[in-house]
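In: Could you look at this predicted model? Sequence included:
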There are 2 protein chains.
Amino acid sequence: MAVSKKDAFAADEVALAAWAKAVAHPARIAILKVLAARNTCLCGEVVEALPLAQATVSQHLKALKAAGLVVGEIDGPRSCYCLDQEALQRFRQAFEDLFGAINEAAACC
Amino acid sequence: MAVSKKDAFAADEVALAAWAKAVAHPARIAILKVLAARNTCLCGEVVEALPLAQATVSQHLKALKAAGLVVGEIDGPRSCYCLDQEALQRFRQAFEDLFGAINEAAACC
DNA sequence: ATCGTTCATCGTAGATATACGATAAAAGCC
DNA sequence: GGCTTTTATCGTATATCTACGATGAACGAT
């Protein structure tokens, strides 16, 4: 964008938008599902489960980590990624709050 | 992106990602709240409620419309935007399904 | 017909996102 | 020490997003 206007919005809106952006790509949704389905969480396994190159998957994992939805520990040659259930619940709650604020709107027009 | 790989993912993941992208910006979250809080829904009112230029707001409204979360009817000089409650509920359900699939994951590492 | 109001769209500039190959870095193994 | 495996990061190309001023289109009012 020309210049970010995100400072002009409420902090909770910015936070929710950031989470939403983290899941605004099918690859990242798929990654969350893969991490949930396995308890080993190696990056290589995620790569095998997705139709993407290793570098791309690593980049998506980084985005999920930056959003706080996933926790990753680099352990030498291999690394361990897992879901941050607490953060996911906060995200879920923020979403529910938004829907709650929205769904009693009167029909217009 | 170099070339979109979205065809390689499950349809429901692509759909959820598209919805998530629609709310992946604080301005669009704010717009949804404004539309919910009023029953008149004129574009001008949304513009006044946001710290953005009219052209930018119109563009965000278009994005929300493209995602199906908002319905808009152009009526000559003015236009009427309202929330599509049905679509919002489908979105909410898809999200809940995702969280449901994710939150019983075993802790790893 | 000419304004004025309201909104969409165009054109554009700069910022991000997406994807990949190539390469570097870290650890174990020989 | 070299070699392999695993993963992150760099560099890069293309695509999309974000924002705005300027302009156009539709209608009501004068």
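Out: Received, thanks.
In: Quick check, A:A94 in contact with A:A15.
Out: Yes. A:A94 lies in contact with A:A15 (C-beta atoms under 8 Å); the separation is 7.0 Å. C-betas here are computed from N, CA, C, even on glycine.
In: what about A:K21, helix or strand, and which?
Out: Using DSSP states H and E, A:K21 sits within helix A:11-22.
In: out of everything not next to it in sequence, what's closest to A:T56?
Out: A:A27 (7.6 Å; C-beta to C-beta, 6 or more residues apart in numbering or on different chains).
In: distance of that neighbour from A:D84?
Out: Separation of A:A27 from A:D84 (C-beta to C-beta, to the nearest Å): 18 Å.
In: So for the two, which residue has more residues nearby?
Out: A:A27 (23 against 17; other C-beta atoms under 10 Å in any protein chain shown).
In: So A:I74: helix, strand or coil?
Out: Secondary structure assignment for A:I74 (DSSP: H, G, I helix; E, B strand; the rest coil): strand.
In: which residues does it form a beta bridge with?
Out: Note on A:I74: beta-bridge partners by DSSP bridges are A:S79.
In: Checking A:Y81 next. Helix, strand or coil?
Out: Three-state assignment for A:Y81 (three-state DSSP): strand.
In: which strands and helices sit next to the one helix or strand A:R28 maps to?
Out: Assessed by DSSP H and E, A:R28 sits inside helix A:26-37. The contact analysis (3 or more C-beta pairs under 8 Å, 6 or more residues apart in numbering or on different chains; DSSP states H and E) places helix A:26-37 against helix A:43-49, helix A:54-66, strand A:70-75, strand A:78-83, helix B:11-22, helix B:85-102.
In: Kind regards, and thank you for your time.
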